[in-house]
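Participant: Quick one, structure for this:
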Amino acid sequence: MAIPFDNPAIPSGSTVLVTGVNGFLASHIADQFFRLGYSVIGTVRDAAKNAWLTRLFARKYGEGRFELVTVEDIAVDGAYDLAVKGVSSIIHTTSIVSFDPDPNRVVPAAIAFALNALKAAYKQPSVKRFVMLSSSTAALVPIADTRGAVVTKDTWNETSVKAAWVDPPYTRDRSWIVYAASKTQSEQELWKFHKDNREKRPDLVLNTVLPTIVFGAALDPMNQGYTSTSRLIFNLWNSTVYETHCKPPSFFVDAQDMALLHVAAAIHPDVQEEQLFGFSQPFNWNIILNILRKQNPQRTFPEDFQAGQDLSEIQPRVRAEQLLRDMGKSGWTSLEESIRMNTKELCEGILADAKI
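Facilitator: Numbering: from 1, shown residues only. Sure thing, here's the model as predicted:
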């Protein structure tokens, strides 16, 4: 597949580094790079346990275009220094997702993980683009049925940061706020480091990508199973509602759309020093249950349990959708299609032996 525009910032045939490449979203990012003619180095904590990635990409794109590298501790100074040798771009997707309610055990680590990867880019002259997977929670945690929240490219979730650092006790109900604070502060520190050190690497472009809840197909369902937020659909398929389902209604985005936005952040010549907002359309769990029932009329699902809507105005989502068009898509993937792809193997009954 040819790159759909002239003069990409990173020429086809270059090598990119994708950290945490075994992840639900990161594996899609790597796959999209392969489709456009790039080679990929992927980091994982244990290459032996993730050898399926090497077999998968060799089968799809031929031998020699993918290298799997072990980085056991991403918090260690210089953890990525060897892996970045000769790469043109770094797509950094790894962070801390412990949902620990103590900000002292989450926020500093999240900042260190982000800065460690960016510092590796600064030390390697071949790296021209650094892209970090952030989160919509760096901008806001929505409140259902509340108008007036407007997200722009300058919006930060200072509300969650303030709430996360309130004095103890660090009770379990604070875990989501602490997670949001970690995403906010790690991205803020990333931009601060870049601004403070820009004169050392004026050729290095930083972009970040902020997804909401991600649904869609796994790249390799048999080896990945249902991970990250795609598992929430799997849970409903099995008539299970968890505490995680009770977060406020928000927007969703499809995994393949998010992967393309990361690629755009790495290669699109006009995307420089930007945040890209992956907000496709608002949803609640009643809407998803209705879709599941229509797509699978023979199956029983839980009763409706969540109404309401995220009424936030996400101004930068228009820019993100235009970039999807620049990358060759017609626009955002619909919620219906994303749910269909999320449940495809379940419908076909072929995941009996999957790691789920």
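
Participant: Secondary structure element holding A121?
Facilitator: helix 107-123 (DSSP states H and E).

Participant: Could you export that helix as PDB, CA atoms only?
Facilitator: Coordinates of each C-alpha in helix 107-123 appear next as PDB, following Å, rounded to 0.1, in the frame of the first residue of the first chain:
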ATOM      1  CA  VAL A 107       2.400   9.700  38.700                       C
ATOM      2  CA  PRO A 108       6.200   9.800  39.100                       C
ATOM      3  CA  ALA A 109       6.500   6.400  37.400                       C
ATOM      4  CA  ALA A 110       4.300   7.500  34.500                       C
ATOM      5  CA  ILE A 111       6.400  10.700  34.100                       C
ATOM      6  CA  ALA A 112       9.700   8.700  34.200                       C
ATOM      7  CA  PHE A 113       8.400   6.200  31.600                       C
ATOM      8  CA  ALA A 114       7.500   9.000  29.200                       C
ATOM      9  CA  LEU A 115      10.700  11.000  29.700                       C
ATOM     10  CA  ASN A 116      12.900   8.000  29.400                       C
ATOM     11  CA  ALA A 117      11.700   7.300  25.900                       C
ATOM     12  CA  LEU A 118      11.900  10.900  24.800                       C
ATOM     13  CA  LYS A 119      15.400  11.200  26.100                       C
ATOM     14  CA  ALA A 120      16.400   8.200  24.100                       C
ATOM     15  CA  ALA A 121      15.100  10.000  21.000                       C
ATOM     16  CA  TYR A 122      17.100  13.100  21.800                       C
ATOM     17  CA  LYS A 123      20.300  11.100  22.000                       C
END
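
Participant: What lies in contact with whichever helix or strand comes after it?
Facilitator: Following helix 107-123 in sequence order, the next helix or strand is strand 129-133 (DSSP H and E). If you take Cβ atoms under 8 Å, 6 or more residues apart in numbering as the criterion, strand 129-133 is touched by 9-10, 25-26, 88-93, 95, 114, 117-118, 121, 187, 190, 204-209, 211, 262, 265-267. In short, each C-beta sits where N, CA and C put it, glycine included.

Participant: Then stretch 107-120?
Facilitator: Contact with stretch 107-120 is made by 19, 74-81, 83-84, 90, 92, 94-96, 127, 130, 132, 164, 178, 181-183, 185-187, 189-190, 193-194, 206, as judged by Cβ under 8 Å, 6+ apart.

Participant: I'd like to know which of the contacts of strand 129-133 are part of strands.
Facilitator: Judged by DSSP state E, these include 89-92, 205-209, 211 as members of strands.

Participant: picking up where we left off before, in helices, which of the contacts of stretch 107-120 appear?
Facilitator: Among those, DSSP state H puts 164, 178, 181-183, 185-187, 189-190, 193-194 in helices.

Participant: of all these, which two lie farthest apart?
Facilitator: V178 and H194 (24.6 Å; Cβ to Cβ).

Participant: Looking at those two, which has the bigger crowd around it?
Facilitator: V178 (26 against 19; other Cβ atoms under 10 Å).

Participant: wait, doesn't that one sit right on P101?
Facilitator: Yes: between V178 and P101 there is a contact under Cβ atoms under 8 Å: 5.6 Å.

Participant: all strands for the stretch 151-300 of the chain, in order.
Facilitator: All strands of the stretch 151-300 of the chain, identified by DSSP state E, counting those that start in this stretch, fall at 205-211, 213-215, 250-254, 275-278, 281-283.

Participant: and of those, who's closest to A320?
Facilitator: With Cβ to Cβ, the closest approach to A320 among these belongs to strand 275-278: 5.1 Å.

Participant: Note down every partner strand of the closest one and its orientation.
Facilitator: When pairs are called by DSSP bridges, strand 275-278 turns out to pair with strand 205-211 (parallel).

Participant: okay, now A163: neighbour count?
Facilitator: When neighbours are counted by other Cβ under 10 Å, A163 registers 16.

Participant: whoops, L56 was the one
Facilitator: Residues lying near L56 (other Cβ under 10 Å) number 18.

Participant: Show the contacting residues for the residue nearest to it when sequence neighbours are not counted.
Facilitator: Nearest residue to L56, sequence neighbours excluded (Cβ to Cβ, 6 or more residues apart in numbering): D220, at 5.4 Å. With Cβ under 8 Å, 6+ apart as the criterion, the residues that contact D220 are 27, 52-53, 56.
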